[in-house]
Every structure is written in C-alpha cells, then in structure tokens.
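# I would like to see how this sequence folds:
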Amino acid sequence: MKETYVKEINKIQANNPVLIEGLPGLGLVGKIAIRYLIKRLKAQKVGYLYSPHFPYFVLVNKKGKVRLLRGTFYYAKNTGGANDLLLFTGDSQSQTIEGQYEIADCMVEYSKKHNVQTIVTIGGYRMEIKDKPKVIVAGTNQEILDKALRAGATLSPSGSPIVGTAGLILGLARFQKINALCLLGETRGYLPDPLSAKSVLEVLCAMFNVELDLKGLDEDIAKAEKMMARLQKIEQQRVLQAEEIRKEEDKKTTYIS
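All right, here's what the predicted structure looks like:
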C-alpha cells in the first residue's frame, strides 16, 4: 500500500448527506460521539479508508484474526431532518504530517463523490471544566456558523489552532466548495469524556434535526465521573505525601557556618 484510499463495500443513495467525522483525539470526544450515533441510528457500514500513514501494527480480535488499522464510513437515514448522515471514525489518526493532509483530502474527495454539501468534524477542546462542557465552533462561512450558534455552540477564540484531521478537513473543504464546521467539546483531555461528547451531540442534533435519545450516555458519564474523583483523590494524596517528605528533608538539613 503506497497511498491512502477508500474501499467502498456498499452502495448508498443518500438524501443531501452531511458527513460527520470523529477520530480519536482529546478525551476521545469525537470517537465517542460517532460511535453513539452509529449504535443508536443503526448505521450501515459502507466503506473503509486505509492508509500507510496509520501506525505500523495490526489489531487482533478475540478469535486471533488480524486486520490493518483503518477508518470506517457508515450511512444512516435521518428520518427527522432533510439531511441523511455519513459517519466516519477509525482506529487512529495519521502519525505523519503528510498523512494528515492525505487522509483529510481523501475524505473530502469521498464527500464530493457522494454530493456532500456540508462536513462536520468533532474533537476536544482542552479546558479545566467544572460545569457542563461548552461546545466551541469554527467554520468556513458565516451561514453555517450561525446555524451552530443558534443550536447552542460558542464561537471559537481568534487564533486558536485546530490540530489534526478535524482542522485540516475544514481548510481543504474550501477548495472543493464544501461547507465545513468543527464542533469541539470542552474536556480535560486525559480520560474518555462522554459528557463532552453528549454536549457536542446536543448541538449536532439541533442543527440537523436528528432524533436521538442521549440518555444512553448517562451510565458512561457516571463511570467517568467516578474515575475522575478517584484520580483527584490519588493526586491529593500524592501532594500531601510530597509535602510530608519535603518537611522531613528540611528537618535533616544541616548548615555549616
């Protein structure tokens, strides 16, 4: 394999589709959101994206069979809105700068082939949060930005870079005259964050009239909060122990005059 390509496994006839992308990143916000959409909307697998820029190992399943890392396209009928959904997630992002561009460009070309007029990318926005995570938005034109703002998103600060596939797709989509939008859920980033993914899905569903029950994420959110509480407790204990050690060392310190 010398270059990135898409292997289509099922033909689709989508009605004015929107492509929604969510690869692993900060807090796994994008991947959690897309996996939830796939599960709840019973999305159909329609294609695989392979690339030599993915990490150089294979995955092994429970039966001992192996496969290359890949991205996967899914199709879901949107019964409540005017736009059907093409969903994309995968095992990893590219490990090279060239690969990031190549994979993003391949996805834009796939979108163009299937008459996609709007692409939405999902990711995480690093932030120490205490309340409900905000959804930060950036886009290629004012019309799509206004649509996201009306759905509850917050405009991205000026100068903030969007790293990886989620950002590059926006830049490359403009060359193909495809509207593109990025929804970034606030997250601490170092643990899977289903609460942030839920905030993003609320905005996404409002934008495209997707009928989706988000209560299924509540159990995962509760587990994530318990894990965070445990980590915070461990960190507090570590700080106290470090302070005690420092005090003991201070007592042992001798001064030579």
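
# buried stuff in whichever helix in the chain runs longest?
Counting residues, the longest helix in the chain under DSSP state H turns out to be helix 218-252. Across helix 218-252, burial judged by 16 or more other Cβ atoms under 10 Å covers D220, I221, A224. All C-beta spots, glycine's among them, are computed from the backbone N, C-alpha and C.

# nearest to I32, of those?
Checking these against I32 with Cβ to Cβ, the nearest one is D220 at 7.8 Å.

# let me know the secondary structure of G47.
strand (DSSP: H, G, I helix; E, B strand; the rest coil).

# what's around it, how many residues?
When counting by other Cβ atoms under 10 Å, one arrives at 21 neighbours for G47.

# kindly report the same for A138.
A count of nearby residues for A138, using other Cβ under 10 Å, gives 22.

# tell me the first helix or strand C-terminal of the helix or strand containing it.
Per DSSP states H and E, A138 falls inside strand 135-139. On the C-terminal side of strand 135-139, the nearest following helix or strand under DSSP H and E is helix 142-150.

# hmm, who's touching the next helix or strand after that next one?
Note on helix 142-150: by DSSP H and E, the next helix or strand toward the C-terminus is strand 154-155. Residues from elsewhere that reach strand 154-155 (Cβ atoms under 8 Å, 6 or more residues apart in numbering): K134, V135, I136, V137, A138, L145, L149.

# ok, of these, which come out buried?
K134, V135, I136, V137, A138, L145.

# do me a favour and average the pLDDT over the helix or strand harbouring L19.
For L19, the host element (DSSP H and E) is strand 18-21. What strand 18-21 shows for mean pLDDT is 98.

# after that strand comes which helix or strand?
Taking DSSP H and E, what comes next after strand 18-21 is helix 29-41.

# if you count contacts, what does that next one end up packed against?
Packing partners of helix 29-41 (3 or more Cβ pairs under 8 Å, 6 or more residues apart in numbering; DSSP states H and E): strand 18-21, strand 71-76, strand 85-90, strand 118-126, strand 179-187, helix 194-208.

# can you give me the distance of the spatially most central residue of the chain to I162?
What sits nearest the mean C-alpha location of the chain, by Cα atoms, centre = their mean, is G30, with 1.7 Å. According to Cβ to Cβ, to the nearest Å, G30 stands 12 Å off from I162.

# intersection of neighbour lists for these two?
Common neighbours of G30 and I162, counting by Cβ under 8 Å, 6+ apart, are G123.

# follow-up on the earlier one: and the angle from the strand holding A138 to helix 142-150?
Between strand 135-139 and helix 142-150, the angle comes out at 170 degrees (axes from the mean of the first three to the mean of the last three Cα atoms, to 10 degrees).

# circling back to that earlier point, grab the nearest non-local neighbour of the residue nearest to the centre of the chain.
With Cβ to Cβ, 6 or more residues apart in numbering as the criterion, G30 has its nearest non-adjacent residue at 2.9 Å, and that residue is G22.

# quick one: residues contacting that neighbour.
The neighbours of G22, taking Cβ under 8 Å, 6+ apart as the test, are V29, G30, K31, I32, A33, I34, L87, F88, T89, T121, I122, G123.
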